[in-house]
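K.L.:
Sharing a model prediction with you, sequence too.
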Amino acid sequence: SEVLNARILATRENEKISDLKENEFAYLLTGNTCLAGDVMGEYAFDKKLKIGDKIVFLDQIHYTIVKNTT
């Protein structure tokens with residue numbers, strides 16, 4: 001299933017942005033490279049993720065551009 005509307009909790013620099021609310025699930029999202037900095041951040045979802053879920057981010061162009069230029 002498609003999962004939208006994730007809320008960021010912390011950046012890869014461990015800068016806390018928000019607290020986890022009741023009935024939310026937190027996940028640390030990373031890329032698939034072996035680079036230590038290949039971390040998108042910690043995100044909150046309103047449901048528990050399952051294997052096969054497709055997480056959709058509508059504003060991640062900055063992530064892909066940065067990783068393509070390093």
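P.N.:
Yes, it's here. Numbering: from 1, shown residues only.
K.L.:
Give the bridge partners for the closest residue to residue 20 other than its chain neighbours, please.
P.N.:
Spatial nearest neighbour of residue 20, excluding adjacent residues (CB to CB, 6 or more residues apart in numbering): residue 26 at 5.3 Å. To be clear about C-beta, it is placed using only N, CA and C from the backbone, and glycine gets the same treatment. Per DSSP bridges, the residues bridged to residue 26 are residue 44.
K.L.:
So residue 26 sits against residue 9, correct?
P.N.:
Yes - Residue 26 lies in contact with residue 9 (CB atoms under 8 Å); the separation is 6.0 Å.
K.L.:
tell me, what's touching these two both at once?
P.N.:
Both residue 26 and residue 9 are in contact with 20, 42-44, where contact means CB atoms under 8 Å, 6 or more residues apart in numbering.
K.L.:
which of those count as buried?
P.N.:
42-44 (16 or more other CB atoms under 10 Å).
K.L.:
and which of those residues is nearest residue 52?
P.N.:
residue 43 (17.8 Å; CB to CB).
K.L.:
so what's the closest one up against?
P.N.:
By CB under 8 Å, 6+ apart, the neighbours of residue 43 are 6-9, 26-27, 29.
K.L.:
Leaving out sequence neighbours, find the closest residue to residue 48.
P.N.:
The shortest distance from residue 48 to any non-neighbouring residue, by CB to CB, 6+ apart, is to residue 25 (5.1 Å).
K.L.:
make that residue 9, sorry
P.N.:
The shortest distance from residue 9 to any non-neighbouring residue, by CB to CB, 6+ apart, is to residue 42 (4.3 Å).
K.L.:
Point out where this protein drops to low pLDDT.
P.N.:
1-2, 4, 10-17, 59-70 (pLDDT under 70).
K.L.:
now the helices for it?
P.N.:
61-68 (DSSP state H).
K.L.:
Neighbour count for residue 26 and residue 9, which is higher?
P.N.:
residue 9 (19 against 13; other CB atoms under 10 Å).
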